[in-house]
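[1] Sequence and computational prediction follow.
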Amino acid sequence: MAETFIAFLRAVNVGGRTVTMERLRGLVGELGLADVRTYIQSGNVFFSADAAIDRPALTRRIEEHLEQALGFPVPVMLRTVAEVEELIASDPFRGIELTAENRFCVVFLSEPLPPELELPHSTPKGDLEVIGATEDAAFVVAHIINGRPAGNPGAAFGRSYRGLGTARFLHTTVKIVAAAKKKA
């Protein structure tokens with residue numbers, strides 16, 4: 001049975017690592033994945049694959065293919081639409097007011113946060129606050145301090161985190177799921 005997957009790509013269209021979405025769709029399509037589509041320039045790819053597919057192996061295949069074709073590593077956090085819908089439905093920012101001075105970020109993780117990281121956790125500057133996490137996502141409130149936006153939400157975990165993550169604003173994550181659910 002086919003399932004729609006979302007590949008959240010890290011390090012695409014930042015720091016001079018530019019790739020058009022047309023090229024990205026082509027590269028992912030070369031792997032034999034069906035119904036390949038993209039959403040906005042930040043590296044969100046949708047495709048259909050067998051629900052029983054070996055997800056770690058598929059993740060490695062995508063990462064290796066993209067690195068070979070693009071010349072730089074592109075970590076992939078692979079989720080199903082249902083998994084991201086469940087994450088959104090859990091209302092991870094419940095009780096926190098969204099204001100002009102903060103942003104709600106979902107950081108899709110390659111591995112769970114270290115158990116010694118006590119939550120909630122704030123960075124020394126107080127610009128990032130990790131308010132909660134699941135096995136594969138962390139929920140970060142990014143604060144604007146003195147008119148300056150917070151840094152990379154993935155940096156909020158400190159040096160003890162050995163995994164990788166890629167961040168999306170919560171409102172963007174909701175739009176990504178809606179776009180993934182639309183049929184091509």
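    Received, thanks.
[2] Centre of this structure to the edge, which residue is at the far end?
    residue 146 (27.4 Å; C-alpha atoms, centre = their mean).
[3] could you dump stretch 133-142 to PDB, C-alpha only?
    Taking Å, rounded to 0.1, in the frame of the first residue of the first chain, the C-alpha atoms of stretch 133-142 are listed here in PDB:
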ATOM      1  CA  ALA A 133      10.200  16.900  22.400                       C
ATOM      2  CA  THR A 134       9.200  13.600  21.000                       C
ATOM      3  CA  GLU A 135      11.500  10.800  19.700                       C
ATOM      4  CA  ASP A 136      11.800  12.600  16.300                       C
ATOM      5  CA  ALA A 137      10.900  16.300  16.800                       C
ATOM      6  CA  ALA A 138      11.700  19.100  19.200                       C
ATOM      7  CA  PHE A 139       9.500  22.100  19.800                       C
ATOM      8  CA  VAL A 140      11.400  25.400  20.100                       C
ATOM      9  CA  VAL A 141      10.200  28.900  20.900                       C
ATOM     10  CA  ALA A 142      12.500  31.400  19.100                       C
END
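[4] for that stretch, which positions count as buried?
    Buried residues in stretch 133-142, counted by 16 or more other C-beta atoms under 10 Å: 133, 136, 137, 138, 139, 140, 141, 142. No exception for glycine: its C-beta is placed from N, CA and C like everyone else's.
[5] Pop the domain breakdown of the protein in here.
    2-84, 89-169 (automatic domain parsing).
[6] can you tell me which of those domains comes nearest to residue 181?
    Across those, residue 181 has its closest neighbour in domain 2-84 (6.1 Å, C-beta to C-beta).
[7] and residue 22, backbone torsions?
    For residue 22, the backbone dihedrals (degrees, to the nearest 10) come out as phi -60, psi -50.
[8] residues near it, how many?
    9 (other C-beta atoms under 10 Å).
[9] Next one: it relative to residue 5, how far apart?
    Shown here: residue 22 relative to residue 5, a distance of 20 Å by C-beta to C-beta, to the nearest Å.
[10] What of residue 49?
    6 Å.
[11] Show me which of the two is the more surrounded one.
    residue 5 (25 against 19).
[12] List the contacts of the residue farthest from the centre of the chain.
    The contact partners of residue 146, taken as C-beta atoms under 8 Å, 6 or more residues apart in numbering, number zero.
[13] Residue 42 contacts residue 12, correct?
    Yes - using C-beta atoms under 8 Å, residue 42 is in contact with residue 12, at 6.8 Å.
[14] Which one of the two is surrounded by more residues?
    Neighbours per residue (other C-beta under 10 Å) separate residue 42 from residue 12, with residue 12 holding more: 24 against 19.
[15] Hmm, that one is touching residue 24, no?
    Yes - contact status for residue 12 versus residue 24: in contact at 7.3 Å, counting by C-beta under 8 Å.
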